[in-house]
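K.L.:
for reference, the sequence and a predicted model appear below.
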Amino acid sequence: MSQHFTNPLYLESGRILEPYDIVYETYGHLSDDKDNVVVVTHALTGSHHAAGFYEGESKPGWWDGLIGPGKAIDTDRFFVICSNVVGSCFGSTGPMSQMHPYEEAYRYKFPVVTIKDMVKAQRILFDRLGIHRVHAIVGGSMGGMQALQFAVHFPNFADRIVAMACTHATQPWAIAFNKVAQEAILKDPKFKSGYYDPADITANGLSGMAVGRMAGHISFLSHHSMTRKFGREYKRTDGLYELFGKFQVESYLEYNGYNFTKWFDPLSYLYITKAINIYDLSRGFDTLEEALLRIRSKLYLLSFESDMLFIPEEMKVMADILAKEKMAPIDYTEIKSDYGHDAFLVELDKFEAYVRHALEH
């Protein structure tokens, strides 16, 4: 489903986006009182397709194991809505969208959007749909950033906030990985300074973006998960003493990196990683404490023990501030996991009971 908006979206940068579209999916049934809404917010390369299967496809939505009848986010009880953020490439307005009134794509003329801008656009969408308060907002990684932005900037909108595998402000470690990806994209001749043919990228990929994505994958996993998943296994068809023979982990990075470039737009990747890099809950406030003390929702924070991208301490600092000030109800849990950052997408069995509890209490 899609909604078209003609009123300007005023952005943090001072620029406006007008007009714009937001694509979204819903699951379950909206109650008569509209009091059973759960908003799911997606991560960097996610989309509005959070659960279920599209016709003719074998791979379900990115959080299908968590969303559905009888699952942690139970669609027999809740009406779940997930929208694609502005700046992305799955239907909502982004850098490759047509720049009204011209018959050409925005490309670099698209304004820089922030996590706060993404949340503001979603809030406008929900108002259009007649949803003015929700039972909960749940998200991980960049989705967790959005959930926290909702909590701070729309403090009366959600009864509960479940934010996992994220941070209060993106730190140098994560920015550095994003820099590798950004530079790899920009320096690829086929990127053509942003004036590439999208059909050519879809057909042939973009080597620079693939390399950047490989670096990203390393930050999403951990030493332990890589050892467990690949060990020192060598690709069976390659010789050990062939210069370009590969370990299984190398083949994995190549496959995921090059495949990724055929379905995710490089300019969207640049814009969204920029939004992640400049994300800071305290921007516009004197301190992080001042920002957090605006929260009125019950706040559930989940970190993952081996997350290298957003280490647990980055979430715990928020819990400590709120517990000290005794303001918003706060529940902080560090999930025991050696998988790494992507545990929030993969190891659902380790935290689905926690999510279920958060939504029911």
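P.N.:
Arrived safely, thanks for sending.

K.L.:
check which helix or strand the residue of the chain positioned farthest from its centre maps to.
P.N.:
For the chain, the largest distance from the centre (C-alpha atoms, centre = their mean) belongs to residue 241, which lies 40.5 Å off. According to DSSP states H and E, residue 241 maps onto no helix or strand at all.

K.L.:
and it, how close does it get to residue 104?
P.N.:
When C-beta to C-beta, to the nearest Å is applied, the distance between residue 241 and residue 104 equals 52 Å. (C-beta placed from N, C-alpha, C; glycine too.)

K.L.:
please apply the same query to residue 316.
P.N.:
For residue 316, the distance to residue 104 under the criterion C-beta to C-beta works out to 47 Å.

K.L.:
also residue 325?
P.N.:
If you go by C-beta to C-beta, the gap between residue 325 and residue 104 works out to 50 Å.

K.L.:
low-confidence ranges in the protein?
P.N.:
Scanning the chain for pLDDT under 70 picks out 326-327.

K.L.:
hmm, 90 instead?
P.N.:
Judged against pLDDT under 90, the low-scoring parts of the chain cover residues 54-59, 100-103, 215-219, 221-259, 322-330, 360-361.

K.L.:
which residue is the nearest non-sequential neighbour of the residue most central in space within it?
P.N.:
What sits nearest the mean C-alpha location of the chain, by C-alpha atoms, centre = their mean, is residue 43, with 1.0 Å. In space, and not counting its chain neighbours, residue 43 is closest to residue 141: 4.0 Å by C-beta to C-beta, 6 or more residues apart in numbering.

K.L.:
next: residue 310.
P.N.:
Taking C-beta to C-beta, 6+ apart as the measure, residue 310 lies nearest to residue 167, with 4.4 Å between them; neighbours along the chain are not counted.

K.L.:
how close does the closest residue to residue 231 other than its chain neighbours sit to residue 163?
P.N.:
When the adjacent residues along the chain are set aside, residue 231 lies closest to residue 248, with 7.6 Å between them (C-beta to C-beta, 6+ apart). Distance, residue 248 to residue 163, by C-beta to C-beta: 34 Å.

K.L.:
same question, residue 30
P.N.:
Relative to residue 163, residue 30 is positioned 24 Å away (criterion: C-beta to C-beta).

K.L.:
tell me where the protein has strands.
P.N.:
Along the chain, the stretches classed as strands by DSSP state E are 2-5, 9-10, 16-17, 20-27, 37-41, 67-68, 73-74, 79-83, 134-140, 158-164, 298-304, 330-335.

K.L.:
nearest to residue 258, out of the ones you listed?
P.N.:
Relative to residue 258, the nearest member of the strands of the chain by C-beta to C-beta is strand 134-140, separated by 25.3 Å.

K.L.:
same for that closest one, what does it pack against?
P.N.:
Taking 3 or more C-beta pairs under 8 Å, 6 or more residues apart in numbering; DSSP states H and E as contact, the helices and strands that strand 134-140 lies on are strand 37-41, helix 142-153, strand 158-164, helix 352-360.

K.L.:
residue contacts, residue 163?
P.N.:
Taking C-beta atoms under 8 Å, 6 or more residues apart in numbering as the criterion, residue 163 is in contact with 139-140, 144-145, 147-148, 151, 299-302, 315.

K.L.:
tell me what it is bridged to.
P.N.:
Partner residues in beta bridges with residue 163: residue 139, residue 301, with DSSP bridges as the criterion.

K.L.:
I'd like to know how far the closest residue to residue 121 other than its chain neighbours sits from residue 252.
P.N.:
With C-beta to C-beta, 6+ apart as the measure, residue 86 is the residue that lies nearest to residue 121, at 5.0 Å, once sequence neighbours are left out. Going from residue 86 to residue 252 by C-beta to C-beta gives 32 Å.
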